[in-house]
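Colleague: sequence-free structure coming up:
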């Protein structure tokens, strides 16, 4: 494993997630700071936050996305030079992957973009309630990525198929 490329791949994804959190935290916090949430908002927000931590943070990030991302990041040095330049995208499975992984990664990305566009149409404070759950899930996922990245740095194989192309 080339540690410089590994760090570049991981840091690029952490910065991407961090940028999303940076933009979302003030939106999610706004109705809390203004004390604008009613009982119905809280009745939706609390289970929503729990569901997002479990489904997005634990099931999605911790158990699937992060182990594969770390396995792929550890192998960036096996990729052609052009792919190494976009190591974060390679680690996320957006380039230099099996057909199945490419389709899955791009469909997930397009689905996230569609959800972001849809959520932006929600009125206040419902959008913010949704953002509370997203922040909780993304925060859990980012913490998970950092944990998995440290494990990978220490040489601990995440034990998942990196789904590299047959030419690798």
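Modeller: Arrived safely. Only a predicted model underlies this, so the values are computations on that prediction, with no experimental measurement involved.
Colleague: quick one, helices of the chain?
Modeller: 3-33, 39-52, 66-73, 81-85, 87-91, 99-119, 126-153 (DSSP state H).
Colleague: would you mind finding the most buried of these?
Modeller: Greatest average neighbour count among the helices of the chain goes to helix 66-73 (a mean of 25), per mean count of other Cβ atoms under 10 Å. (Each C-beta comes from the backbone N, C-alpha and C, glycine too.)
Colleague: pull the distance from stretch 137-152 to the chain's centre.
Modeller: 9 Å (Cα atoms, centre = their mean, to the nearest Å).
Colleague: also stretch 125-140?
Modeller: 14 Å.
Colleague: can you list contacts of it?
Modeller: 17, 20-21, 24-25, 27-28, 30-31, 36-37, 41, 44-45, 48-49, 51-53, 55-58, 60-62, 119-122 (Cβ atoms under 8 Å, 6 or more residues apart in numbering).
Colleague: and that stretch, what's its mean pLDDT?
Modeller: Averaging pLDDT along stretch 125-140 yields 98.
Colleague: likewise stretch 84-95?
Modeller: Stretch 84-95 comes out at a mean pLDDT of 98.
Colleague: and what of stretch 34-53?
Modeller: 98.
Colleague: much appreciated, bye for now.
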